[in-house]
Every structure is written in structure tokens, then in C-alpha cells.
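Student: Following is a predicted model, sequence given first.
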Amino acid sequence: MNDSSVAVNLLWCVPGEVGGSEQYLVRQLLGFAEQSSGFAVTLYCRPTFVEAHPELADLYPIVTAAIDGAARSTRVAYENTWLARQTKDSALVHHGGGTTPMIGTRPIVLTIHDLQYLTYPDYVSRAKLAYLRAAVPRAVRRADIVAVPTEYVKATVAQTFDIDSERVVVVPHGVEPLLGADAPSESELRSRYGLGEGRVLVFPAITHPHKGHRFLLDVMAEHWDDPDLRLVLLGGVGQVETEVQEQIVNLGLSSRVVRTGRVPDDHRDGLIALASALVFPSEYEGFGAPVVEAMALGTPVICTSLPALVEVTGGAGLVLPADGDAWADALDHLDSRSDEMVLVGRQRAKQYTTAKAGAGLRAAYETALGGGQ
């Protein structure tokens, strides 16, 4: 056994389909590569992950499994057979997707992004809910260290599974220091996406029910009636995509809501940077990466008063309850505080860098190995 070898299980990650958890781990690994850790890290993933993240292939040895599609049963089978064999001589295995296989090398670092399935079980399919209810508690019991993105998730994990909080460590999300450097110009983006010359609001999220698209559309229709205002909905297709599209039409918002779907990262960064605000009306978050991205890009944030978002914004954003009337005057409030929010937001974003995320991951590995390197 190589006492510095770490195997990172990324078989769970289907690029473009697992939301912020993909970005969370990728940015940690980018930051980890900057550390003088003494660990020899190997990534185990699907071929599509390598295609989606060539930047990691330049930094780490990668072993791919012949997994096609997103079938959970196939992934679980590979973790309990192929992955167990591949990692049997590793000093540590890091499972990044919230669960672990039933067999395999220990010690284990387990990343849990959130416990949304317990808060909003109705938003999860019956089969997935049954799987998570069985698999997550078992994974927590197997793990030596549980890594989470915020103090909020740390507290909920420790309480829910009745484990010592010292076994749960915060590894924060981090954004790249050159975020937005490759973005197209504002004029190019306005022209490409038909944004006109007025104020732009951006909401980057898959159309899952907890993200709050329908709430935001109601606010647009009832309170934010500027005909030149454009709300840009970035992100892939989720469970309520059809309902969102129908609501846009039924509320007469087709000319003011721009639905782009997934866009290249540099376009996403540029759209956030040109926006008057990033709006984030989510019902549940374990972290909320777009909030940090916006602050780093100099864009004010308007978000719901969820514990994780309150923690991450640290007073830099306009944090409101999920009530339409509370959001009614948000844009007027923004006008009076925009410059201040930009300055405070940029300062707050310095707490969330890839370097700090990588250092947090290194510390989790060292703790799992008993004080380590």
C-alpha cells in the first residue's frame, strides 16, 4: 500500500446532470493541485467526465470505467466490484457523491453536499428516495470523515445522523481567481441572447422544483413590470421544465424572459457580470455557488433567506424571505445600494477561492489518515 495514495471516486458524476455538486468537486480538485500535500491522487470516473473536464486530466492520473448513461444501478455495481478492485491498495478513498459502496478500502472521506432529500422528499423520485434513505446513513457510518460545504450542512449532518461533529469538516466551495477573464464582451452577449439595452437579471439553475423558478416568474409578472427588463434563466432541463415554460407563456412573460438552457462557462460568467443582479430564489441550498460567482464578478445578489445562503453571503447580499411582497421592492433597494453591494460582495468572495477549497480538502484527507502527511 502507498501510504500517500488517494483514490477519488467520481463515478457518480454524470457531467451536466448532477448540478452544483459537480462544480464543487472539480473546483476543490483544481485547488488541491495547488497544494504541497504529499498525496498522490488518482481520479476514477466515466469517460464523459474526462471529456467535460480536460483541465483535471492535465493535473491528475485518471482511470475510466466503461459506464454509459446515468443508471444508478450500474454505477453502484461498478463501485462494489470494479472500483473496489482498482482502489484496494489505496491509503484513502474519497467518495464525492454522498454515498459509498458497501465494500472497499478504508479510511474513507465522504462528501455530502446537502440533505435536500430529507427536507423535500416530494421533489425526489420514489426509487431515488428509497435509495438515499438506505444508502446515505450507511455511508456516514462507514466514513471516517464527512466533508460538507457549509457550517449549516455540518450541523444538519451531525444532528440527523447523530455523529460527533468533529467527524464532519467544512470544505468550502471556491471559485477560480480568473473567473470571467475569458467572457465575451457585454455587447456581444446582449446581441447573441437578445437582451436589448435595459436592465438584466440572471438566474443560473437547473429547472428543479426547489430552485424557485415559478416563484421568480410570479414576482416578475406581479412586481417587476419594466418592459425593458430581461430575466435570463440559465441552466439545464429539470423536473419542472415544462411547468416553467408554460408559466412564462401564461403570465405573458415571453418577451421579457430569456431561456438559454446550458451555455458555455465563459458565457455564463459574462452574463452574470453584465447583470444588474443575480437573483437566487431557491427553497433549499447546501451552499449556492452562483452567489459566490456573482460576488466575485462584481454583481449584486438578491436571494432567499436560507441558512446556507445567509452564511455564504455574510451580509453582502440582499437576503429576503420567500414571499412575493418582500421581493416587490428589491430592485429599488438594489438601486440605492448597488455600489456598496459590489464592494462588499467582492470582499466576501475572497473567502471562497479554489485555493482555500483545496486546502480544506487536504486537511480532510490528513484528518482521515490520523493527522497525516
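Tutor: Everything's here; your move.
Student: OK, contacts around the closest residue to residue 204 other than its chain neighbours?
Tutor: Leaving out its chain neighbours, the residue that sits closest to residue 204 by Cβ to Cβ, 6 or more residues apart in numbering is residue 234, at 4.0 Å. C-betas here are computed from N, CA, C, even on glycine. Residues near residue 234 by Cβ atoms under 8 Å, 6 or more residues apart in numbering: 202, 203, 204, 205, 260, 261, 262, 263, 268, 271.
Student: for this structure, what's the longest strand?
Tutor: strand 2-9 (DSSP state E).
Student: Make sure residue 221 is actually in contact with residue 252.
Tutor: Yes. Residue 221 lies in contact with residue 252 (Cβ atoms under 8 Å); the separation is 7.1 Å.
Student: So for the two, which residue has more residues nearby?
Tutor: residue 221 (18 against 9; other Cβ atoms under 10 Å).
Student: for that one, what are its contacts?
Tutor: 251, 252, 253.
Student: in the helix or strand where it lies, what's buried?
Tutor: Secondary structure from DSSP states H and E places residue 221 in helix 213-222. Residues of helix 213-222 classed as buried by neighbour count (16 or more other Cβ atoms under 10 Å): 213, 214, 215, 216, 217, 218, 219, 220, 221.
Student: Ok, stretch 320-329 next?
Tutor: Applying 16+ other Cβ under 10 Å to stretch 320-329 flags 320, 327 as buried.
Student: hmm, back to that, from the chain's centroid, how far away is the helix holding residue 221?
Tutor: Distance of helix 213-222 from its chain centroid, counting by Cα atoms, centre = their mean, to the nearest Å, is 23 Å.
Student: Spell out which residues sit in contact with the residue nearest the centre of the chain, please.
Tutor: In the chain, the centroid-proximal residue (Cα atoms, centre = their mean) is residue 20; its distance is 2.2 Å. By Cβ under 8 Å, 6+ apart, the contact set of residue 20 is 113, 173, 287, 288, 289.
Student: doesn't residue 280 make contact with the fourth one?
Tutor: It stands for residue 288. Yes. Assessed by Cβ under 8 Å, residue 288 is found in contact with residue 280 at 6.4 Å.
Student: Touching both of those two, which residues are there?
Tutor: 303, 309.
Student: any idea how far residue 132 lies from residue 5?
Tutor: 29 Å (Cβ to Cβ, to the nearest Å).
Student: ok, back up a step: which one of the contacts of residue 20 sits closest to residue 310?
Tutor: Relative to residue 310, the closest of the contacts of residue 20 is residue 288; by Cβ to Cβ it sits at 10.1 Å.
Student: which non-adjacent residue is nearest that closest one?
Tutor: residue 309 (5.1 Å).
Student: Kindly report the same for residue 165.
Tutor: residue 158 (4.3 Å).
Student: Report how many residues lie close to that neighbour.
Tutor: 18.
Student: now for whichever strand or helix holds it, which elements pack on it?
Tutor: Assigned by DSSP H and E, residue 158 belongs to helix 151-161. For helix 151-161, the packing partners by 3 or more Cβ pairs under 8 Å, 6 or more residues apart in numbering; DSSP states H and E come out as helix 126-142, strand 145-148, strand 168-170, helix 307-313.
Student: now, of these, which is deepest in the fold?
Tutor: Comparing the helices and strands packed on helix 151-161 by mean neighbour count (mean count of other Cβ atoms under 10 Å), strand 145-148 comes out on top with a mean of 26.
Student: If you count contacts, what does that strand end up packed against?
Tutor: strand 108-111, helix 151-161, strand 168-170, helix 354-368.
Student: Identify the residues contacting the first one?
Tutor: Looking back up the chat, that one is strand 108-111. 21, 24-25, 92-100, 139-140, 142-148, 171, 364-365, 368.
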